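1. need coordinates for the below:
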Amino acid sequence: MKEFECIAAERYNLAEGPVWSPRHQALYWVDIRKPAVHRYVFATREVQGWPMPDLVGSLAVCDTGGLLVAVRGGLSFFDPASGTFEMVANPEADLPDHRFNDGKCDRAGRFWVGSMHNTLRGEFSGFLYRLDRKRGCVRMADGIAIPNSLAWSRDDRTMYFANTYRRTIFAYDFDIESGGIDDRRVFAPAAGRPGAPDGSTVDADNFLWNAVYGGGRLDRYAPDGRLDCEVRLPMSQPTSCAFGGPSLETLYVTSATQHMSEEDLAHQPFAGAIIALDVGVRGLPEPYFARSAKG
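-> Predicted coordinates:
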């Protein structure tokens with residue numbers, strides 16, 4: 001197991017969606033089921049938090065300031081300074097049993113987010129949406145149980161997306177100009193290994209890093225889907241990962257305590273924590289959401 005630093009020791013129930021903001025030199029993430037947005041400031045090591053009105057699946061930092069948050073009940077702009085919300089879109093107003101899950105921006109500044117049935121009953125009723133200020137919110141895919149692992153290749157020609165319930169990471173052909181996706185194919189099947197794919201990020205070498213929920217590790221995949229290496233973690237339920245730090249040299253990992261027994265928690269003191277690792281490679285800058293409608 002690699003050496004690591006615990007940057008947030010609170011035992012989050014379901015920490016997810018880490019995003020590094022170069023502007024703030026800070027890491028943002030959400031706690032889905034204890035609904036809040038959190039921020040770790042690199043210079044001061046301070047952790048801050050803002051409660052959300054309902055379950056929150058993911059977020060993006062906006063190019064004009066503030067955040068875009070995917071809260072059950074709609075996608076909204078959130079201003080941490082004032083605590084105010086501004087509704088942007090509510091594509092699932094007719095699906096009260098749904099919530100949003102993983103979400104991330106492509107390099108054109110569009111926000112992609114998946115939805116799912118809130119009770120995790122394995123229902124393939126979720127959707128994948130794309131939001132931008134010019135075209136609004138568009139449904140891009142359906143038949144999803146647990147959406148995760150949104151990420152893009154370094155050349156913007158491939159989009160990655162996992163249906164965690166199927167324990168498989170898929171790849172799509174991606175058109176950065178139009179935001180279109182096509183030719184879905186299996187990128188990395190579980191192949192009998194423990195755990196299921198959760199959140200992902202792509203490094204500067206164009207390799208995909210995936211947090212394996214229930215597997216206690218990170219898997220690094222080559223662009224052709226070959227498993228390059230794995231990194232063992234001090235928690236069994238890592239949920240996602242993101243590169244950050246002044247030079248994007250640190251890999252931050254979020255994790256969860258949900259469904260863990262008291263015995264499990266006693267044996268995993270870092271379960272639910274946010275940790276930082278040096279994995280020997282740098283990341284790519286995380287795009288902002290183009291609120292200014294330039295995307």
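
2. ranges for the helices of the chain?
-> Taking DSSP state H as the test, the helices found in the chain are 262-267.

3. what residue ranges in it are flagged as low confidence?
-> Along the chain, the model assigns pLDDT under 70 to residues 121-122, 293-295.

4. what residue of it is the furthest out?
-> residue 263 (28.1 Å; CA atoms, centre = their mean).

5. now it: how far from residue 271?
-> Separation of residue 263 from residue 271 (CB to CB, to the nearest Å): 12 Å. Where you see a C-beta, it was placed from the backbone N, CA and C, and this is true even at glycine.

6. how close does the residue farthest from the centre of the chain get to residue 272?
-> From residue 263 to residue 272 the distance is 15 Å (CB to CB).

7. please, where are all the strands along the stretch 1-150 of the chain?
-> For the stretch 1-150 of the chain, the strands defined by DSSP state E, counting those that start in this stretch cover 4-8, 15-21, 26-31, 36-41, 46-51, 56-61, 67-71, 74-79, 84-89, 98-105, 111-117, 126-132, 136-144, 147-152.

8. pipe those into JSON lines and attach distance to residue 223 and mean neighbour count per row.
-> Converted to JSON lines, the strands of the stretch 1-150 of the chain look like this (distance: least, CB to CB, whole Å; neighbours: other CB atoms under 10 Å):
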{"stretch": "strand 4-8", "distance to residue 223": "26", "mean neighbour count": "16"}
{"stretch": "strand 15-21", "distance to residue 223": "22", "mean neighbour count": "26"}
{"stretch": "strand 26-31", "distance to residue 223": "26", "mean neighbour count": "25"}
{"stretch": "strand 36-41", "distance to residue 223": "30", "mean neighbour count": "19"}
{"stretch": "strand 46-51", "distance to residue 223": "35", "mean neighbour count": "14"}
{"stretch": "strand 56-61", "distance to residue 223": "25", "mean neighbour count": "27"}
{"stretch": "strand 67-71", "distance to residue 223": "28", "mean neighbour count": "25"}
{"stretch": "strand 74-79", "distance to residue 223": "31", "mean neighbour count": "19"}
{"stretch": "strand 84-89", "distance to residue 223": "33", "mean neighbour count": "14"}
{"stretch": "strand 98-105", "distance to residue 223": "18", "mean neighbour count": "26"}
{"stretch": "strand 111-117", "distance to residue 223": "20", "mean neighbour count": "26"}
{"stretch": "strand 126-132", "distance to residue 223": "22", "mean neighbour count": "22"}
{"stretch": "strand 136-144", "distance to residue 223": "22", "mean neighbour count": "15"}
{"stretch": "strand 147-152", "distance to residue 223": "12", "mean neighbour count": "26"}
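
9. please produce JSON lines containing those, extended by distance to residue 239.
-> Listed next are the strands of the stretch 1-150 of the chain as JSON lines, based on distance: least, CB to CB, whole Å:
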{"stretch": "strand 4-8", "distance to residue 239": "13"}
{"stretch": "strand 15-21", "distance to residue 239": "5"}
{"stretch": "strand 26-31", "distance to residue 239": "9"}
{"stretch": "strand 36-41", "distance to residue 239": "13"}
{"stretch": "strand 46-51", "distance to residue 239": "17"}
{"stretch": "strand 56-61", "distance to residue 239": "11"}
{"stretch": "strand 67-71", "distance to residue 239": "15"}
{"stretch": "strand 74-79", "distance to residue 239": "21"}
{"stretch": "strand 84-89", "distance to residue 239": "24"}
{"stretch": "strand 98-105", "distance to residue 239": "9"}
{"stretch": "strand 111-117", "distance to residue 239": "14"}
{"stretch": "strand 126-132", "distance to residue 239": "17"}
{"stretch": "strand 136-144", "distance to residue 239": "17"}
{"stretch": "strand 147-152", "distance to residue 239": "9"}
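
10. out of those, which gets nearest to residue 280?
-> Among the strands of the stretch 1-150 of the chain, the nearest to residue 280 by CB to CB is strand 4-8 (13.6 Å).

11. now the angle between strand 46-51 and the closest one, please.
-> With axes from the mean of the first three to the mean of the last three CA atoms, to 10 degrees applied, the angle from strand 4-8 to strand 46-51 works out at 50 degrees.

12. just give the strands next to strand 4-8 in its sheet, each with its orientation.
-> strand 274-277 (antiparallel) (DSSP bridges).

13. contact partners of the strand it pairs with?
-> 2-8, 12, 15, 18, 27, 29, 40, 231, 233-235, 245, 250-255 (CB atoms under 8 Å, 6 or more residues apart in numbering).

14. same thing but at 10 Å, please
-> 1-10, 12, 15, 18, 27, 29, 38, 40, 42, 47, 218, 231, 233-235, 238, 241, 244-245, 250-255 (CB atoms under 10 Å, 6 or more residues apart in numbering).
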